[in-house]
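Visitor: okay, structure incoming, though there's no sequence with it:
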């Protein structure tokens, strides 16, 4: 059973910082692309940032560029999101997502989601 567990969400004032973490556990051969998504009340879930398996390539949605940094520690099967200069519009539930291969013989990724962590930014 593969599990993704996020942590680090909190209530912060505008201009503050948070670091989210996502630990992947279970029987996995390898973890590939990982990403952070968020969903604000009444809105669709949106991609915030993604990172390749090696960490060499990252992508961000325009609204967080220059403020958020995605990173990963493959030795710890952990994904991070450093969020600086937070704004009220960053308020949302943040979800971790991962593409994995469960066995070396697998041809297709299995995609998993975490349960989410709440980030609230007050003005």
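Guide: It's in. Because the structure is predicted, anything quoted here is derived from the model rather than measured.
Visitor: any idea how far residue 12 is from residue 102?
Guide: 37 Å (CB to CB, to the nearest Å). Quick note: C-beta positions are derived from backbone N, CA and C, even for glycine.
Visitor: more neighbours: which of those two?
Guide: Higher neighbour count among residue 102 and residue 12: residue 12, with 17 against 14, using other CB atoms under 10 Å.
Visitor: dig out what that one forms beta bridges with.
Guide: For residue 12, the beta-bridge partners are residue 121 (DSSP bridges).
Visitor: ok, now which ones touch it?
Guide: Going by CB atoms under 8 Å, 6 or more residues apart in numbering, residue 12 touches 18, 86, 119, 120, 121, 122.
Visitor: can you do 6 Å?
Guide: By CB atoms under 6 Å, 6 or more residues apart in numbering, residue 12 lies in contact with 18, 86, 121.
Visitor: report the central residue of this structure.
Guide: Closest to where the C-alpha atoms of the chain average out (CA atoms, centre = their mean) is residue 36, at 2.7 Å.
Visitor: tell me what the helix or strand hosting that residue is packed against?
Guide: Taking DSSP states H and E as the definition, one finds residue 36 inside strand 30-39. Strand 30-39 is packed against strand 46-51, strand 92-101, with contacts defined by 3 or more CB pairs under 6 Å, 6 or more residues apart in numbering; DSSP states H and E.
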